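Peer 1: What follows is a predicted protein model with its sequence.
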Amino acid sequence: MKRTFILISTLVISLASAQNNSEALARKFENQRVENSKKFDDYIAKRYRQNRNPEILKEIEKQRISLAGFVENKPYFYEAYDLDQIMNSNSDYLQGGTISGLTGSFNGEGIKFTIFDGSSISGTPGRVFEGHVFFDNATDRISNKEATTVIYGDHATSVAGFIGAKNFPFTVTLNDGTTRAVNFKGIAPNSTIDAYAFLETTLPNESTPSTVFQKIIKAQPKISNHSYGGNQGWIQADVNGQPAWVWNGAFASPNTTVDGQGAYFNNDRDYDQIVYNNPSYIIVKSSGNSFGLGPSADSTLKKFHRDGNGNLVEFTATDTLPADNCSQGYDCIGFGSSAKNIIVVGATDRITANGGRYTSSTDVIHSFYSSAGPRDDGGIKPDISTVGTSVGSATTQNGATGTQSASIGDGTSFSAPVVTGIIGLWTQINKQLFNNTELNAASAKTLMIHSALEAGNPGPDPHFGWGFINAKKGAEILVGKSNNTVIFSDETLNTGVTNTKTVKASGTEPLKVTISWIDPEFTNFTDQWTNVHNNRTSKLINDLDLRIIDTTDNTIYLPWRLDYNNPMTALKGDNTVDNVEQVIVDTPVAGRNYKIIINNKGTLKNNAGANAPQNYSIVVTGYNEVLTLGAQESKPGILSGLAVAPSVTKDIINILKAPKKSTFTIYDLSGKKLHNGTISSDKEVVDLSDYTKGIYIIEVKTGNDVISKKIIKE
C-alpha cells in the first residue's frame, strides 16, 4: 500500500508454557515442511528444467522461503500486508487511567507480544529494528529471535511500532507540501516484543529451517500478531520486467475460472490446530489487502494465469477474464484468514470527525483495499475491524543497518497490531482484577466481539466482521465482571446437557449474550480446486447453539448469521458455521425474566475425534439480577426456616437453621461454583473474606428441597 516516509534524525534532536502435545505438533509441522520442500523441488524441476541462471536461482530461493503450501501441486506464497488509531479505538481511556473501577493506567506493563513479520521486499525476511528511537523508553523492549544475518525490515518495524512505540508527537510535511500532526505512539508503549520472521528461516543454534507454524510452537506466544498472508485471486506482479496482472486461481480457456478466495485450507487448519491444542494462545491476523484488485483497475496491463507446471500463460483476446477480487463487494479473503480460532482484522479509514471519536456506525468506512469475507461456508470473516489507513508508525530502511525513519501508510498489516495491542491491555487489566489471570483465546474473542461498536449494516458483515473495536467498552466489561454486574466466564458444555441461566432484564439497554469457543480444526478437505473453490460445507466440528427465551410469552431470540449468497445483510436464525454466536433482545421488558440456553447439535468431539466436552466463553449484559439457581425464596418444607445472615457482609456469613448434613454451594452471578461444604451445626459459619466485592448466590440443598439466597460482599 502507499506509504510516506519521514526521516527522524532532526526529530530526535528536537525531541530529546507449552502444552504436552507441542512436541507432536512440532513433528507434524516439520514433516509438513519437508513434504512441501520436496513438492517445491519437483515444481521447480518442471518449471525451470535446466534454465537456472543466477537471477532465476535468486527467484527460486525467494519463493522457497515464502512457500505457504500447494493447491493441486501448484504453490502459493506468503506476502506482507501493509494518533488516530488510539483515539478511534478508545484506547486512550485505558492508557490514561480514566476507566471507572480500575486503578492506574494501562500501557502494556508486564505484557509480552510476539510478532511474526518481515520486510516489504518479496521473499526477504526482516527483523524489527530494535535500536529505533520509538523503542528507547526502556531497555530490551524488542527481542529479535532471528539470526543477525537477517536484515532489518521496514514492515516488521512498523508493525512493532503500532503495538509498542513510545509517545512521540511530530508535525509531518507530506509529499504534497501539506502538514499533519502525528503521534507515533503505539497501543502498549511499555510492553515488550519478541520478533520472528514469518518466512522460512533457520533460527539461531538450529541446523534446519523452520516455517512460521514451527516458530509459533517454539515461541509459545501468549498474544501474537501476524500481518501477512496470501491472495488467491488477482495480484499485480512484474512479468518480464513489466507490471502485469496475474491470476492466482486456476483457469481453463476460454471461460472456466476457479479460485481459493474465501476457502478454508491448510493454513487455516494449522492455525486452528495450534490454538485448539494451546487455548491460551491468542493469534491476531490481518485479513489482507486484495479488495478490488484486477484488470478493471488498469486494463492496459497484460493479464496472465499459470498452467499446471506453474508457467505464466497470457490470456487471449477471446478468453473471459476472471472477475476482479470482491467484484460483488465481498469474497476475496485469502488462505489463513478463514481460520476459526484466530482473530482476523479488517481495515477502516481514520475517523477524523467528532475529535476522532466514534459516534455512529456511519463513522466507520471500509478501506478500499481491505479483503472481505465471508468464508465460503458463510462463516463471518474478518472478525473485527479498526483503523488502518493513513496511519503513522516507525519504519526503517531494509538492510543490515537500521535507520531512524517513520512512515504514514495503509494496510490491514497496520490495523491488526492495533487489535493485538488492545487485547494486551485487556489482559493487563484482567491480571490486575483477577489475581494475575490472563485471557485465553476464547475469552479474548468473546470480549472483543461483545464490546464492539456497530459498523456498516446492523449485525456482522464481510467488511467489518462483528464491528469496530472498542477498547474502553472491553475494559468496562472486565470491571463489570469484577463487581458481579456482568457475566463473563469460561464454562463447559457436555453432550446432551443444556446449560441455562435466567436473568431479569434491566430494560435500560439491550439484553445481549455472546459466546465463542475453540473448535477442533476441520480436516475433511483435499487440495483439489474442485474441493477448494466455493466449498459450502460447514467447517464447524462442534456446533453450539445459543438462544434467549422470554419466559413470559415464550418468544425465542436467535443468533446472527450470514447467507453466503447475500452476506452484506445479516440475518437471524440457526447459525451452523461460526464458533461465535450472539443473541440480542433489542428492547427487553424491564423486570421480565429471560432464559439463556446453550446446548449443541450431535456429539461433541475433540480434535482426535473422541467424545469430549466443549469449553466456551460467555458474556451477558443488560440485566440487573440473575435467577440462575432456581427459587429465590423458600417454599414450605424442611428448609422453610432457613436464614442467611447478614445479607450484606465484609467477610463472614452464617447459615442458620439448616438441617445437619445438608449441603451448601456458593456461586458467582455467572453460575460458576466457588465453594461448597456440608452443614454440621445450626449456625454454619462461611468466610467470604477472600472474595471480590459483588453479589453472590448461596444455595442450600437437602433431599429434594433446595433454596437460594442472595448475599452481597462489600
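Peer 2: The structure has been received and is ready for your questions.

Peer 1: Could you identify the helix or strand that succeeds the longest helix seen in the chain?
Peer 2: Longest helix in the chain by number of residues (criterion: DSSP state H): helix 22-48. Proceeding N to C from helix 22-48, the next assigned helix or strand is helix 54-66, under DSSP states H and E.

Peer 1: Next, the angle helix 22-48 makes with that following helix.
Peer 2: 150 degrees (axes from the mean of the first three to the mean of the last three Cα atoms, to 10 degrees).

Peer 1: Flag every buried residue along whichever helix or strand comes after helix 54-66.
Peer 2: Following helix 54-66 in sequence order, the next helix or strand is strand 67-71 (DSSP H and E). Neighbour-count burial for strand 67-71 flags 67-71 (criterion: 16 or more other Cβ atoms under 10 Å). C-beta coordinates here come from the backbone N, C-alpha and C atoms, glycine included.

Peer 1: Can you list the helices and strands that the longest helix of the chain packs against?
Peer 2: Here helix 22-48 touches helix 54-66, strand 67-71, strand 74-77, helix 212-219, helix 266-277, going by 3 or more Cβ pairs under 8 Å, 6 or more residues apart in numbering; DSSP states H and E.

Peer 1: now those as TSV including mean pLDDT and distance to residue 307?
Peer 2: Formatted as TSV, those follow (pLDDT from 0 to 100; distance: least, Cβ to Cβ, whole Å):
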stretch	mean pLDDT	distance to residue 307
helix 54-66	75	17
strand 67-71	79	14
strand 74-77	75	9
helix 212-219	97	29
helix 266-277	97	22
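
Peer 1: Take the ones you listed and write them to JSON lines, including distance to residue 184.
Peer 2: JSON lines is the format used below for the helices and strands packed on helix 22-48 (distance: least, Cβ to Cβ, whole Å):
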{"stretch": "helix 54-66", "distance to residue 184": "29"}
{"stretch": "strand 67-71", "distance to residue 184": "31"}
{"stretch": "strand 74-77", "distance to residue 184": "31"}
{"stretch": "helix 212-219", "distance to residue 184": "26"}
{"stretch": "helix 266-277", "distance to residue 184": "30"}
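
Peer 1: contacting residues for residue 492?
Peer 2: By Cβ atoms under 8 Å, 6 or more residues apart in numbering, the contact list for residue 492 reads 613-616.

Peer 1: Any quick PyMOL command for the buried ones out of those?
Peer 2: To isolate the buried ones among these in PyMOL, judged by 16+ other Cβ under 10 Å, type:
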select buried, resi 614+616
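
Peer 1: Quick check, pLDDT for the residue nearest the centre of the chain.
Peer 2: Computing the C-alpha centroid of the chain and ranking residues by Cα atoms, centre = their mean puts residue 343 first, at 1.6 Å. Listed pLDDT for residue 343 reads 98.

Peer 1: distance of it from residue 380?
Peer 2: Using Cβ to Cβ, to the nearest Å, we find residue 343 at a distance of 12 Å from residue 380.

Peer 1: ditto for residue 231
Peer 2: Per Cβ to Cβ, residue 231 is found 20 Å from residue 380.

Peer 1: Between these two, tell me which one has more neighbours.
Peer 2: The residue with more neighbours, out of residue 231 and residue 380, is residue 380; 28 against 25, by other Cβ atoms under 10 Å.

Peer 1: and that one, that one's in a strand?
Peer 2: No - assigned with DSSP: H, G, I helix; E, B strand; the rest coil, residue 380 falls outside any strand and is coil.

Peer 1: So what's the residue count around the nearest residue to it once chain neighbours are set aside?
Peer 2: For residue 380, ignoring the flanking residues on the chain, the nearest one in space by Cβ to Cβ, 6 or more residues apart in numbering is residue 460 at 4.7 Å. Residues contacting residue 460 under the criterion other Cβ under 10 Å number 30.

Peer 1: any weak-confidence spans in the stretch 501-650 of the chain?
Peer 2: Residues of the stretch 501-650 of the chain that meet the criterion pLDDT under 70 lie in 628-640.

Peer 1: all helices of it, in order?
Peer 2: For the stretch 501-650 of the chain, helices defined by DSSP state H, counting those that start in this stretch occupy the ranges 529-532.

Peer 1: quick one, strands of it?
Peer 2: Here the stretch 501-650 of the chain has its strands, by DSSP state E, counting those that start in this stretch, at 511-516, 544-550, 556-557, 560-561, 571-572, 580-585, 593-600, 614-621, 623-626, 643-645, 648-649.

Peer 1: Of all those, which one is nearest residue 276?
Peer 2: strand 614-621 (10.5 Å; Cβ to Cβ).

Peer 1: neighbouring strands for that closest one, and are they parallel or not?
Peer 2: Using DSSP bridges, the strands paired with strand 614-621 are strand 487-493 (antiparallel), strand 511-516 (antiparallel).

Peer 1: still on that earlier bit, residues touching the residue nearest to residue 380, list them.
Peer 2: Contacts for residue 460 were tallied using Cβ under 8 Å, 6+ apart; they are 380, 466-467, 560, 562, 570.
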